[in-house]
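>>> Next come a sequence and a model predicted from it.
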Amino acid sequence: ILTSLEKLEVAPPSPGQLRHVFFHNALPFVGFGFLDNAIMIAAGTQIELSIGVVLGISTMAGAALGNLVSDLAGLGLAGYVEALASRLGLSIPDLTPKQADMWQTRLSAHLGKAIGVTIGCILGMFPLLFIGDEEEKLEEKN
């Protein structure tokens, strides 16, 4: 005879389910990280080279304003990133509510988000490939 405690126990998620949780969380955050860094770098550079020159603000102030632009853009683009991630066929992991609340599942989700945003931010650094050219052109004009 099973005790009432044994009836309430739920098996922890399988390694396959935890991988599913990881990728389900990682994919949208690759997009968020990419957009956040790319927009911040591009906006910060343009702010520094235009408004920054006129108002005499520092590079860090230009970076902070670029971050503001990036954050505001992220608010507007969040729905599109999530929609794109779901269109790529990434279904919601099949977990019971108790499994979804287990430490293993939460850890897998957080690791997915952290690694996803890290990869996205690194990929979003691509505008740095073009910034040196813009600054050289500006210096040539002056």
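Yes, it's here. Numbers count the residues shown, from 1 in each chain.

>>> switch to C-alpha atoms for all contacts and neighbour counts from now on
Will do.

>>> can you point me to the longest helix in the protein?
Assignment by DSSP state H gives helix 15-49 as the longest helix of the chain.

>>> Only the buried residues of that helix, if you could.
17-49 (16 or more other Cα atoms under 10 Å).

>>> buried stuff in the helix or strand just after that helix?
For helix 15-49, the succeeding helix or strand toward the C-terminus, using DSSP states H and E, is helix 51-55. Buried residues in helix 51-55, counted by 16+ other Cα under 10 Å: residue 52.

>>> Check the offset of helix 51-55 from the chain's centre.
30 Å (Cα atoms, centre = their mean, to the nearest Å).

>>> Could you do stretch 53-68 as well?
That offset, for stretch 53-68, works out to 23 Å (Cα atoms, centre = their mean).

>>> now swap in stretch 94-101 and tell me
With Cα atoms, centre = their mean, you get 24 Å for stretch 94-101.

>>> What are the buried residues along that stretch?
Across stretch 94-101, burial judged by 16+ other Cα under 10 Å covers 95, 99-100.

>>> Would you reformat those as TSV and include pLDDT, secondary structure and distance to residue 116?
Formatted as TSV, the buried residues of stretch 94-101 follow (pLDDT from 0 to 100; DSSP: H, G, I helix; E, B strand; the rest coil; distance: Cα to Cα, whole Å):
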residue	pLDDT	secondary structure	distance to residue 116
95	92	coil	21
99	94	helix	22
100	93	helix	20
